[in-house]
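Take a look and give me a structure for this.
(one chain, ligands or ions: 1)
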Amino acid sequence: MIQLKNMNQIGKDVIEIEYNDGIIKRLRLNTVQKNCPCTRCSQKLLDVLSPTTVSKVVSVGCYGLKFHFLSGCQQGVYSHLLLRGIPCDI
Ligand SMILES: [Zn+2]
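Numbering: from 1, shown residues only. Next up, the predicted model:
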């Protein structure tokens, strides 16, 4: 079972997520937002503002993470499976 081990924001626009199996993801928040799984974003109804940043990131049980973006869409809850599938861009 994939579990979150650690999470850090690096600078203003990068999140580092570490999992219990040794996988470390470093993703630009802008990239995370572009992969928002909510209905509106997955239908490309919203433009992603760039760059974006977050006020906080909260864990949603063992399912995934919710990002409180300061601009653009804030609806998406990101499963760990989705986050791990986003190519690192740092
Ligand atoms: Zn969205």
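
going forward, measure contacts between C-alpha atoms and count neighbours the same way
Will do.

Ranking helices and strands of the protein by mean pLDDT, which lands last?
helix 39-42 (a mean of 85; mean pLDDT, DSSP states H and E).

Now tell me what touches that one from outside.
With contact meaning C-alpha atoms under 8 Å, 6 or more residues apart in numbering, helix 39-42 is reached by 34-36, 46, 73.

Buried ones in that helix, by neighbour count?
residue 41 (16 or more other C-alpha atoms under 10 Å).

Convert the C-alpha atoms of it to CSV, please.
Output of helix 39-42 as CSV, limited to C-alpha atoms (Å, rounded to 0.1, in the frame of the first residue of the first chain):
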residue,chain,number,x,y,z
THR,A,39,-14.8,17.6,-13.9
ARG,A,40,-14.2,21.2,-15.2
CYS,A,41,-10.4,20.8,-15.6
SER,A,42,-10.6,17.3,-17.2
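
what are the ranges of the strands in the protein?
For the chain, the strands defined by DSSP state E cover 4-10, 14-19, 24-28, 54-60, 64-69, 77-79.

looking just at contacts, which helices and strands does the second one meet?
Same thing as strand 14-19. strand 4-10, strand 24-28 (3 or more C-alpha pairs under 8 Å, 6 or more residues apart in numbering; DSSP states H and E).

now, of the ones you listed, which is deepest in the fold?
Of the helices and strands packed on strand 14-19, the one with the most neighbours on average (mean count of other C-alpha atoms under 10 Å) is strand 24-28, at a mean of 20.

Distance across stretch 51-70, terminal residue to terminal residue?
10 Å (C-alpha to C-alpha, to the nearest Å).

on that earlier part again, of all the helices and strands packed on strand 14-19, which one comes closest to residue 62?
Across these, residue 62 has its closest neighbour in strand 4-10 (7.7 Å, C-alpha to C-alpha).
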